[in-house]
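pasting a predicted model and its sequence here:
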Amino acid sequence: MIESLKKYEKFLKDNGVGKNDKVADSIKSYVSYLNSVSKHLNITISTETLGSENDIRNLSRELEGKVAPKTIRNYVSAMKQYVNMKKTHKMSNFL
């Protein structure tokens with residue numbers, strides 16, 4: 001589960017993620033990646049669980065051995081965007 005899903009999708013769109021994609025829909029991919037992180041680690045993606053670069057590193061370590069390294073890199077890209085969203089907006093906008 002992803003907290004603030006609609007805001008995340010809007011943030012991705014507003015920041016040009018996937019604007020040059022001809023085949024894949026990057027926004028859907030990023031949402032899928034975060035949902036996968038949530039599932040693999042049995043957590044809710046929120047600003048409490050994914051609010052900093054340190055959280056990204058910790059979650060990535062927890063994923064090691066559960067998914068392929070290339071998959072972790074994809075997950076990290078999506079997690080970075082979630083952290084960037086938090087940095088860009090005031091927390092009151094997310095609650």
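Received, thanks.

biggest helix in the protein, by residue count?
Counting residues, the longest helix in the chain under DSSP state H turns out to be helix 69-88.

and it, what other elements does it pack with?
helix 5-14, helix 26-41, helix 53-63 (3 or more C-beta pairs under 8 Å, 6 or more residues apart in numbering; DSSP states H and E). Heads up, the C-betas are built off the backbone N, CA and C, glycines and all.

what's the closest of those to Thr88?
Nearest of those to Thr88, taken as C-beta to C-beta: helix 5-14 at 7.1 Å.

in the closest one, what counts as buried?
Residues of helix 5-14 classed as buried: 7-9, 11-12 (neighbour count, 16 or more other C-beta atoms under 10 Å).

can you check stretch 54-64 too?
Judged by neighbour count (16+ other C-beta under 10 Å), stretch 54-64 contains these buried residues: 55-56, 59-60, 63.

please identify which of the residues you listed is nearest to Ala78.
Ile56 (9.9 Å).

ok, that closest one to Asn15 distance?
For Ile56, the distance to Asn15 equals 17 Å [C-beta to C-beta, to the nearest Å].

picking up where we left off before, quick one: the buried residues of stretch 54-64 as JSON lines, columns for pLDDT too.
Below are those laid out as JSON lines (pLDDT from 0 to 100):
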{"residue": "Asp55", "pLDDT": "98"}
{"residue": "Ile56", "pLDDT": "98"}
{"residue": "Leu59", "pLDDT": "98"}
{"residue": "Ser60", "pLDDT": "98"}
{"residue": "Leu63", "pLDDT": "98"}
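
nearest to Met85, of the helices and strands packed on helix 69-88?
Proximity to Met85 (C-beta to C-beta) singles out helix 5-14 among the helices and strands packed on helix 69-88, at 4.2 Å.
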